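J.: For reference, the sequence and a predicted model appear below.
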Amino acid sequence: MTQATTIDTACPLWRRLLALLYDLVAVLAIVMVVGLLCQLATHGQLITTGAQVHIAWWYQPLQGLVVAAYFLVSWLRGGQTLGMRPWRIRVTTNNGARLTVQQALLRLIIAALPLLLLLLAPAVGLRTALWTIAAAWCVWFAAALFDYRARTVHDLVAGSEVRRIR
């Protein structure tokens with residue numbers, strides 16, 4: 001099996017965002033399967049209700065790790081997530097090589113950084129915190145509009161870029 005060759009042109013932002021929408025569907029499916037397995041493993045006690053709703057302390061970190069693993073494994077194995085394949089795009093280093101583990105981890109951490117704004121939810125409310133996260137991601141991706149290689153903030157920091165493939 002031969003690897004598809006990259007074209008030495010940057011991937012337009014609109015193509016990346018559509019691939020991200022495809023990935024959202026994949027991530028939702030993964031989260032649902034992990035949730036089902038956790039419910040089965042805890043005999044339906046993962047989420048308990050009473051005076052307050054209580055979610056097991058380990059559940060949300062587990063979901064975060066599984067979603068992170070989806071992106072890391074995808075980027076490291078072939079440079080493509082499920083959403084990137086139909087749009088014929090691939091994550092590479094700035095010189096076209098495969099990402100290193102360090103680059104993939106750095107890319108993931110920087111891309112997920114706006115999620116820390118969820119810590120604002122108790123003070124400002126969940127809706128405001130979610131809108132703040134969306135605004136931060138808009139800034140992250142808007143960098144691609146000003147970079148000649150259409151790199152986002154996480155690409156600039158990690159030394160990666162998204163390229164079109166043949």
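T.: Sure thing, it's come through.
J.: would you put the C-alpha positions of the strand or helix carrying Leu65 in CSV?
T.: Using DSSP states H and E, Leu65 sits within helix 59-77. The C-alpha coordinates for helix 59-77 follow below in CSV (Å, rounded to 0.1, in the frame of the first residue of the first chain):
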residue,chain,number,x,y,z
TYR,A,59,-15.7,9.3,34.1
GLN,A,60,-15.0,12.7,32.5
PRO,A,61,-11.2,12.3,32.7
LEU,A,62,-11.6,8.9,31.0
GLN,A,63,-13.7,10.4,28.2
GLY,A,64,-11.1,13.1,27.8
LEU,A,65,-8.3,10.5,27.5
VAL,A,66,-10.2,8.4,25.0
VAL,A,67,-11.0,11.5,22.8
ALA,A,68,-7.3,12.6,23.0
ALA,A,69,-6.2,9.1,22.1
TYR,A,70,-8.4,9.2,19.0
PHE,A,71,-6.6,12.3,17.7
LEU,A,72,-3.1,11.3,18.8
VAL,A,73,-3.3,7.8,17.2
SER,A,74,-4.9,9.2,14.0
TRP,A,75,-2.2,11.9,13.6
LEU,A,76,0.7,9.5,14.4
ARG,A,77,-0.4,6.6,12.3
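J.: buried residues in it?
T.: For helix 59-77, the buried set under the neighbour-count rule, 16 or more other CB atoms under 10 Å, comprises 59, 63, 67, 70-72, 74-76. Bear in mind the C-beta positions are built from the backbone N, C-alpha and C, glycine included.
J.: List of residues touching the next helix or strand after that helix?
T.: Reading on from helix 59-77 to the C-terminus, the next helix or strand found by DSSP H and E is strand 89-93. Residues outside strand 89-93 that contact it (CB atoms under 8 Å, 6 or more residues apart in numbering): 4, 6, 11, 15-16, 19, 75, 78-80, 84, 98-100, 103, 107, 159-165.
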